[in-house]
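**Student:** with the sequence up front, the predicted model follows.
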Amino acid sequence: MNIQRRTGVAVPVFSLRTKDSFGVGEFNDLRLLADWCVATGQNIIQLLPINDTTFTHTYQDSYPYNAVSSFALHPLYLNLPLMGIVPDAEYLMLKERFEALESIDYEAVMNAKRDYMLRYYNGKGKNQCRTKSFKDFVERNTGWLDTYASFCEKRDSKYSFAAPAQFYRWQQFHLDKQLKDVVEYLHGKGVILKGDLPIGVSADSVDVATFPELFNMDCSAGAPPDVFCTDGQNWGFPTYNWNSMAKDGYKWWKNRLHKMSEYFDAF
């Protein structure tokens, strides 16, 4: 057996704020972390979950283990200029304000990024949806992308910033590109990326809505008693219906792992 020993660092992406980000750590900031790893003799980076957790557009969405989708990435980690958004005076003012904060203003940053992306999408962004690279991305990810985009469209239909389903496909297209570009950079430095796939799935997620037969909705999972919580914790996540999952050879799990393997070298 070939056993490899590696030294590395575990970190949530949102904590990696740099001069190039917008008040919160972004995928692009992993480049500097990789440089630091190389300089300090480390060769692996482990991330907290990076899936989209947006339900209410408030601080309630900041829990990284309560994902909207087991496949979609979180729009919070997008670098706006890399999408084509040119920083204007308002952008620079907000960026300076966010950078001056001692801690991340999750809600303010998330909403500001969304507003910039919506304005850009309604202008030049739609043209990107006509490109071959975008169409290829949609075709490769149709299995989960369409249901996720429809979920987001319905979720936001009651807000003033409501957007069409294509907007959410467009976000995921850029998230996929930015993260894959970063992974290529890491590999060029000899650094591998390890992901965190939460064992639980939100009861309100796209996954449960699309495949209800794979989950037991009459009970919920959490954590047993420990020194931090003597009564244990109920996280509200439905348990898995393993008998139902076995009928198609655990296809949902295989698809989920296949998608995350596009980014992660280990889990």
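**Tutor:** Great, that's in hand.
**Student:** which of the three states applies to Gln46?
**Tutor:** Under DSSP: H, G, I helix; E, B strand; the rest coil, the three-state class of Gln46 is strand.
**Student:** buried sites along stretch 145-153?
**Tutor:** By neighbour count on 16 or more other CB atoms under 10 Å, the buried set for stretch 145-153 is Leu145, Thr147, Tyr148, Ala149, Phe151, Cys152, Glu153. For the C-beta atoms, the positions are set from N, CA and C on the backbone; glycine is no exception.
**Student:** next, count neighbours for Ile44.
**Tutor:** If you count neighbours by other CB atoms under 10 Å, Ile44 ends up with 19.
**Student:** what bits of the stretch 51-200 of the chain have low per-residue confidence?
**Tutor:** The stretch 51-200 of the chain contains no residues with pLDDT under 70.
**Student:** can you redo the buried residues of stretch 145-153 as a markdown table with distance to Tyr116 and secondary structure?
**Tutor:** Output for these, formatted as a markdown table (distance: CB to CB, whole Å; DSSP: H, G, I helix; E, B strand; the rest coil):
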| residue | distance to Tyr116 | secondary structure |
| --- | --- | --- |
| Leu145 | 22 | helix |
| Thr147 | 26 | helix |
| Tyr148 | 21 | helix |
| Ala149 | 19 | helix |
| Phe151 | 22 | helix |
| Cys152 | 17 | helix |
| Glu153 | 19 | helix |
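**Student:** so how far is the helix or strand Met93 falls within off the chain centroid?
**Tutor:** Secondary structure from DSSP states H and E places Met93 in helix 89-100. From the chain centre to the centre of helix 89-100 is a distance of 23 Å (CA atoms, centre = their mean, to the nearest Å).
**Student:** quick one: the strands in the protein?
**Tutor:** Taking DSSP state E as the criterion, the chain carries its strands at 8-11, 44-47, 192-194, 215-223, 233-240.
**Student:** adjacent strands (with direction) for the second one?
**Tutor:** In this case it means strand 44-47. In its sheet, strand 44-47 lies beside strand 8-11 (parallel), strand 192-194 (parallel), with partners assigned from DSSP bridges.
**Student:** winner for burial among those?
**Tutor:** Of all the strands paired with strand 44-47, strand 192-194 carries the top mean neighbour count, a mean of 18, counting by mean count of other CB atoms under 10 Å.
**Student:** quick one: contacts of that one?
**Tutor:** The list of residues contacting strand 192-194 from outside it, by CB atoms under 8 Å, 6 or more residues apart in numbering, reads 6, 8, 30, 43-47, 183, 186, 263-267.
**Student:** select from these the one having the most neighbours.
**Tutor:** In terms of neighbours by other CB under 10 Å, these top out with Leu30 at 26 neighbours.
**Student:** so what's that one up against?
**Tutor:** Residues in contact with Leu30 (CB under 8 Å, 6+ apart) are Val13, Leu16, Ile45, Val182, Tyr185, Leu186, Leu193.
**Student:** now render those as CSV, adding distance to Gly125.
**Tutor:** Shown next, in CSV, are those (distance: CB to CB, whole Å):
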residue, distance to Gly125
Val13, 23
Leu16, 25
Ile45, 30
Val182, 21
Tyr185, 25
Leu186, 27
Leu193, 28
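**Student:** what's the closest of those to Phe167?
**Tutor:** Phe167 has its nearest neighbour among those in Val13, at 22.2 Å by CB to CB.
**Student:** quick check, that closest one in contact with Ser21.
**Tutor:** No: look at Val13 against Ser21 with CB atoms under 8 Å: they stay out of range, at 9.9 Å.
**Student:** stretch 93-111: which residues count as buried?
**Tutor:** By neighbour count on 16+ other CB under 10 Å, the buried set for stretch 93-111 is Leu94, Lys95, Phe98, Ile104, Tyr106, Ala108, Val109, Met110.
**Student:** quick one: residues contacting the first one.
**Tutor:** So the one you mean is Leu94. With contacts taken as CB under 8 Å, 6+ apart, Leu94 has the following neighbours: Phe22, Gly23, Ala112.
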